[in-house]
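J.: I'll drop the sequence and a predicted model, then ask my questions.
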Amino acid sequence: MKKFQFLKAGEEIKEYHALHAYVEEHYQEGKTNYLFVDEVQMCPKFELAINSLYSKGKYDIYVTGSDAFLLSADLATLFTGRYIEIHVFPFSFQEYCQYYDDISDKDKLFDEYAIKGGLAGSYAYRTEKDRTNYINEVYETIVTRDLVQKYTLPDTLVLQRLSEFLMDNISNLTVVFFPLVIRNITLPPILSDKKALITLAWDTLWLFLTIFEVCNHSGDREGMRAGYIAAFILMAGVWLVFWVARYLPVNGWIKAGTILIISCIWMAFTNDVYAYFAEHKKQLTILSTHFSDWTNHICVNANVCTLILIFGGIAGGGLLVYGMINRK
């Protein structure tokens, strides 16, 4: 049967030489010597004493401390040799039920857990006020003491407001994921170059005016309105095709098929919008298709649009399939 001797160091051991000497003084031959050091960060340069004791191979060492001082990134530089890091989290709901050894009414237990939280130290207090005070003390210790001391933060008020904001929005997916999405967005080179942006704006204006001049064949107010709308739609289609061709991360065959299909659909869509505003035509162009009639201009327009959609769709689909088969 193993016998254990518990030794509690006093407040005077706040220097690594004293820590090392104290442990060596109480070493017992022929026994398994366990060394537990709690809140080790309170001893400056503690890693020197711990590494020295570990190198002797006589101790089974356990070190605990605040996460603010013992972060994963710090452990590799502090300790030599092999170590195992154990994270201690607040109680989960399952652990909460095991603590009270009562699962007769899980709904009631969950309501209590939602109020009390997972800090097991607060469970020892009987009143809600005492539990709240304990949780506030833990919060103040972590935020205003540990983090401020470790990183020498000049403004504790900003840190406090930031932590309160994060706690208030802990279940808000937008707050969690939106910054991650923004950080991982890579802007195209054309949007990160001021000179390229000026060129892009000028080319867009020139394209808009060109399309407007072509569409505004009548010169009256309705023709101008139809020209503006058609110019906007066609311009959007042109730039959509440009972005697909320039930045879509696929091979050339898939790009070509995608561009062809987009162009055919966009052409038919623009034609219908223009017909609606210029000629007040509410019927879709393809519904006026009559391949037996090539004399009426409405039927001719519809026949041409339909043929473009059919052959463009077939060709674009073929290019997509070929590109999918031959992609690496």
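T.: That came through, no problem. Numbering: from 1, shown residues only.

J.: Tell me the buried residues in stretch 315-328?
T.: For stretch 315-328, a neighbour-count test (16 or more other Cβ atoms under 10 Å) marks 316, 319, 320, 323 as buried. No exception for glycine: its C-beta is placed from N, CA and C like everyone else's.

J.: show me what contacts the second one?
T.: Taking Cβ atoms under 8 Å, 6 or more residues apart in numbering as the criterion, residue 319 is in contact with 253, 254, 256, 257, 260.

J.: what's the average pLDDT for stretch 116-127?
T.: Regarding stretch 116-127, the rounded mean pLDDT is 90.

J.: Tell me how this structure divides into domains.
T.: Following automatic domain parsing, one gets these domains for the chain: 16-78, 93-183, 189-325.

J.: Confidence-wise, which of those is weakest overall?
T.: domain 189-325 (a mean of 69).

J.: rewinding a little: rebuild the buried residues of stretch 315-328 as a markdown table, extending it with secondary structure and distance to residue 59.
T.: Output for those, formatted as a markdown table (DSSP: H, G, I helix; E, B strand; the rest coil; distance: Cβ to Cβ, whole Å):
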| residue | secondary structure | distance to residue 59 |
| --- | --- | --- |
| 316 | helix | 72 |
| 319 | helix | 70 |
| 320 | helix | 67 |
| 323 | helix | 65 |
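
J.: Return the set of buried residues in stretch 37-44.
T.: 37, 40, 41, 43.

J.: Switch these over to a markdown table, and while doing so, append distance to residue 85 and secondary structure to every line.
T.: Listed next are the buried residues of stretch 37-44 as a markdown table, based on distance: Cβ to Cβ, whole Å; DSSP: H, G, I helix; E, B strand; the rest coil:
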| residue | distance to residue 85 | secondary structure |
| --- | --- | --- |
| 37 | 15 | strand |
| 40 | 14 | helix |
| 41 | 15 | helix |
| 43 | 19 | coil |
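
J.: Relative to residue 149, which of those is nearest.
T.: Nearest to residue 149 out of the buried residues of stretch 37-44 is residue 41 (Cβ to Cβ; 9.2 Å).

J.: How many residues are close by residue 264?
T.: 19 (other Cβ atoms under 10 Å).

J.: got the contact list for it?
T.: 308, 309, 312, 313, 316.

J.: name the element it belongs to?
T.: Secondary structure from DSSP states H and E places residue 264 in helix 252-279.

J.: cool, residue 149 as well?
T.: Taking DSSP H and E as the definition, one finds residue 149 inside helix 148-151.

J.: repeat for residue 311
T.: According to DSSP H and E, residue 311 maps onto helix 297-325.

J.: For the contacts of residue 264, name the two members farthest from one another.
T.: Maximum pairwise distance among those (Cβ to Cβ): 11.1 Å, between 308 and 316.

J.: For stretch 39-59, buried residues please.
T.: Those would be 40, 41, 43, 46, 47, 49, 50, 51, 53, 54, 58, 59, for stretch 39-59 by 16+ other Cβ under 10 Å.

J.: Let me have those in TSV, extended by secondary structure and distance to residue 302.
T.: Shown next, in TSV, are these (three-state DSSP; distance: Cβ to Cβ, whole Å):
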residue	secondary structure	distance to residue 302
40	helix	82
41	helix	79
43	coil	86
46	helix	84
47	helix	81
49	helix	88
50	helix	84
51	helix	84
53	helix	89
54	helix	85
58	coil	93
59	strand	89
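
J.: Of those residues, which is the nearest to residue 81?
T.: Using Cβ to Cβ, residue 54 comes nearest to residue 81 of the buried residues of stretch 39-59, at 5.8 Å.

J.: The closest one against residue 63, yeah?
T.: No. If you go by Cβ atoms under 8 Å, residue 54 and residue 63 don't touch, sitting 10.0 Å apart.

J.: What segments of the chain are helices?
T.: Taking DSSP state H, the helices of the chain run over residues 16-25, 46-55, 72-78, 93-100, 106-116, 128-140, 148-151, 156-168, 173-183, 194-215, 221-247, 252-279, 297-325.

J.: Which neighbouring elements make contact with the first one?
T.: It stands for helix 16-25. Counting contacts by 3 or more Cβ pairs under 8 Å, 6 or more residues apart in numbering; DSSP states H and E, helix 16-25 packs against helix 46-55.
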